[in-house]
Each structure stands twice: as C-alpha cells, then as structure tokens.
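Chemist: what follows is a protein structure lacking sequence information:
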Ligand code: PHE
C-alpha cells in the first residue's frame, strides 16, 4: 500500500498545545512595542477604547472564522479557500494575506533586530547611569546607522528561517509556553515599579481616560488595524495554524483565551510604559523608539534592574520569534502546497526575499529618512498598507466568507465538532460575522482613508 505523503507542517502542533502556538503568534512586538507606541502617537485613552471595541466586536469573530476555515479545510491560507469554495474568487483574501505577510515580516524583522541589539546592550550594562536624554540619543544613534541594524535584522531573519526550515517549531513553542509566563511576570513587576513612580497618575490617565477630541479618523483605522495585527488576523496565519488543529479542539474557547491573553499583555505593557513616560518627561508620541527609550529608564530605578532588563529583552526577542515564524509559515506553506516547491527552497527563498525587502525599512530610520511619500517613510508605508489596509480587508472577507458563504449549518458543524460541543453563542456569532464585523470594518476603513 502506498504511504500517504506526510506534510511536514503536520508535525508542528500535533505534539504541542495549539494554544501555545496561536498565543505565541499573537503575543509579540505588536503587544509590547507597537501598541504603546501607536497609543502614544494617537493620543491615548480614546484610541485604547476603540482598540478594545475592535478586539471584541471584530477581532474575536474574525479569529473564530479563521479557525473554522483552517480546521475545516486543512490547507494553507490560499488552498483552504480553494478547497471550501472551488471555482470562485474567494481565494483572493488568501493572496492578499500572502502579500501582507511579506510586508509585515519585512519591517517586523527590523524591529526584532533592535531587540537583539538591546539584549546585547543590557548584557554589557550599557544603560547604566544614563538619563532619559542619553537613552533617547542612544536609540536614535543606533537605528540611524546603516550596517548595525541590518546585521541584527539578518541575524533575526536567519533565526526565523532556520526554525521554520529545521521544523523545530515544536521545541520553540514548548519553550515559549514556559518563557511567556516569565515575560508576563517581568511586565507585572515593571508595572508595579512604573505606577509607583512620582507622577505616574498622569500616565495612567493618558492610557485609560478617553479624550475623544484627540481621536482622528486615522487613529480609529489604526486601532482597527492594530487589533488585526496584534491578534495575527486577516492574513491567514491562523487559517494556516488551525489547519493543524485536532478535530476535538474547542475552537471558540481557544479563540477567547488567546484574545484575552493577548489583550491583557498589551494593556500591561501600556501600564508599564506610560506612567514612566510621564514620570521621566518623555514625549508620549515619540514614535517607534518609545519602549526602547522608556523601559531602560525604569529598569534603572529598580533593584535587580540589570538582571530584569536582560531577561526582558531576551524574552521580547523570543516573543518576536514565535510571531515571526508564524508569519513566515504563511508564505512557506503556500509555496510548498500550492506552488509545489520543496520546503527547503521555499523557506530560503521567502526568507531572503523578505530580508531584502526589510533593508529599506531599516534605512528609513537613517539615511533614507528623507525619502518620504505623503509624509510617510518606506517603513511607515509597509506598516500602513499591511496593517491598516490589507489586514482589515482580509478580515472583512474572512468573516463574510464564514457568515455568508459557509453559512450557519456548516459553521455549526465545525464549531460544535460535529455536534459534540454546545454552541449557545452561535446566533450571536453569525450576527457579528454577517453584519456587525463587515459593516464596522467597512465604515472605519473608508472613514480612515478619507473616503467616507
Ligand atoms: N501578532 C504579532 C504581534 O503582535 C504579529 C503578527 C501579525 C503575527 C500578523 C502574525 C500575523 O507581534
């Protein structure tokens, strides 16, 4: 009897908890670097409120939709749509997801490279005795260099490619199951230090007291885009991951757990950062350097700061790695299953191409900072197009696919594991998937682009 070809991705989650893999993908730089920085740029509390609403009304239904599609079809992001809706154009969101994955990983690799440099700096105790202005200068000096950030980016992308290639994701995910709770603990310790700094109250008010006069249309679109980015939604990552899920997994429970964990970690990161931002007189809208400038200040004000700082950047790099492998996996799974490339060739090609695309992102922080179009650098554009355009549109099509194309019956079969589980939430989910999520995404999207 001929043996069935075993797809290599199979080995990934069968051995480990799917929650660790999905949470590993969700929790990353999005929570700890991007959320605080864009919250600062878009004015604080009102942005956070819109973000939380987007998570609950849109993020959660989209996540469940991706789980339904992936587990039902058991294919990559494009192949899943082709299998469930043959002969239609429904594979388009899969293609958009591939493009988004490519763009996101290009700049993600750059920022992850920064965390490696900061890890080295913490080992060398380079922050000792530095005041906030020194640390700001240190960050600006580093990212504006030509070679060093690119070298770190290459190191990080090499690690990502190597893990995807060597198929040791199981090991990484298992390790991250152990490491992420430690990261969470460090963030909580940071929170305690930050909120007991003199002047901390102002930072908490910035984060939690909505001032709607500060909320722009672009801010709302960014809150929506970030809900997708942070939960790894809208580009097929979770379709790809859930294609490895067992038929007995409770999809809805997994979606809720991951969403709650991801959101709590983002908020805790905000609580660590904004009180310190105000206490040290740092500009909340300082941009992508916010975390890198603020946290070394906080660590210096803590007993054992050297140790915590080192551990923090180490774990942040690991968190970034468990996200970056999930992004690369989208592209590799597509190359392997749809284009029939070998896994090795696919991984090397994708990693090299994405790394090259990341180089101008890195240079955007220095020599290319003046190369702008409509006030945005190359880095900003990749982030904007991927997170604020492709992910929301992809998300819209994904929920609409489940709500309108698959419909209630097939959805019910999938979420109840063919009748084994109860799904009292189903009418609510169908309502959100058919109407609320698509309409809200469309409105915020058109409004954010100034078309509505
Ligand atoms: N969710 C990841 C983070 O927050 C980034 C990511 C985006 C991963 C999209 C996969 C897909 O860092």
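Modeler: Noted; the coordinates are in hand. Note that the coordinates shown come from a computational prediction; the quantities given were computed from them, not determined experimentally.
Chemist: what strand or helix carries residue 50?
Modeler: Secondary structure from DSSP states H and E places residue 50 in helix 45-54.
Chemist: packing partners of the next helix or strand after that helix?
Modeler: Counting by DSSP H and E, the element after helix 45-54 in chain order, helix or strand, is helix 60-73. Where contact means 3 or more Cβ pairs under 8 Å, 6 or more residues apart in numbering; DSSP states H and E, helix 60-73 is packed against helix 77-84, helix 237-242, helix 251-279, helix 391-400, helix 407-415. (Glycine included, C-beta is placed from N, CA and C.)
Chemist: okay, the angle between helix 60-73 and helix 251-279?
Modeler: Angle of helix 60-73 versus helix 251-279, following axes from the mean of the first three to the mean of the last three Cα atoms, to 10 degrees, is 140 degrees.
Chemist: sorry, back to before: the helix holding residue 50 vs the ligand: in contact?
Modeler: No - judged by Cβ under 6 Å from any ligand atom, helix 45-54 and the ligand are separated, with a smallest distance of 12.6 Å.
Chemist: from residue 382, how far out is the closest residue to residue 381 other than its chain neighbours?
Modeler: Nearest non-adjacent residue to residue 381, counting by Cβ to Cβ, 6 or more residues apart in numbering: residue 373, 6.8 Å away. Computed as Cβ to Cβ, to the nearest Å, the residue 373 to residue 382 distance reads 12 Å.
Chemist: same question, residue 183
Modeler: In terms of Cβ to Cβ, residue 183 sits 26 Å off from residue 382.
Chemist: of the two, who's got more company?
Modeler: More crowded of residue 183 and residue 382, by other Cβ atoms under 10 Å: residue 382, with 25 against 21.
Chemist: please, which helix or strand holds that one?
Modeler: helix 378-383.
Chemist: count of neighbours near the nearest residue to residue 38 once chain neighbours are set aside?
Modeler: Nearest non-adjacent residue to residue 38, counting by Cβ to Cβ, 6+ apart: residue 222, 5.7 Å away. Counted with other Cβ under 10 Å, residues neighbouring residue 222 total 26.
Chemist: looks like residue 222 contacts residue 388 (just checking).
Modeler: Yes - contact criterion Cβ atoms under 8 Å: residue 222 and residue 388 qualify, at 6.1 Å.
Chemist: what sits in contact with each of these two?
Modeler: Common contacts of residue 222 and residue 388 (Cβ atoms under 8 Å, 6 or more residues apart in numbering): residue 448.
Chemist: which residue, other than its chain neighbours, is closest to the residue in the stretch 251-400 of the chain positioned nearest to the ligand?
Modeler: With Cβ to the nearest ligand atom, the shortest gap between the stretch 251-400 of the chain and the ligand falls at residue 323, namely 4.0 Å. In space, and not counting its chain neighbours, residue 323 is closest to residue 28: 3.2 Å by Cβ to Cβ, 6+ apart.
Chemist: got a list of what the one you found touches?
Modeler: With Cβ under 8 Å, 6+ apart, residue 28 has these contacts: 108, 319-320, 322-324.
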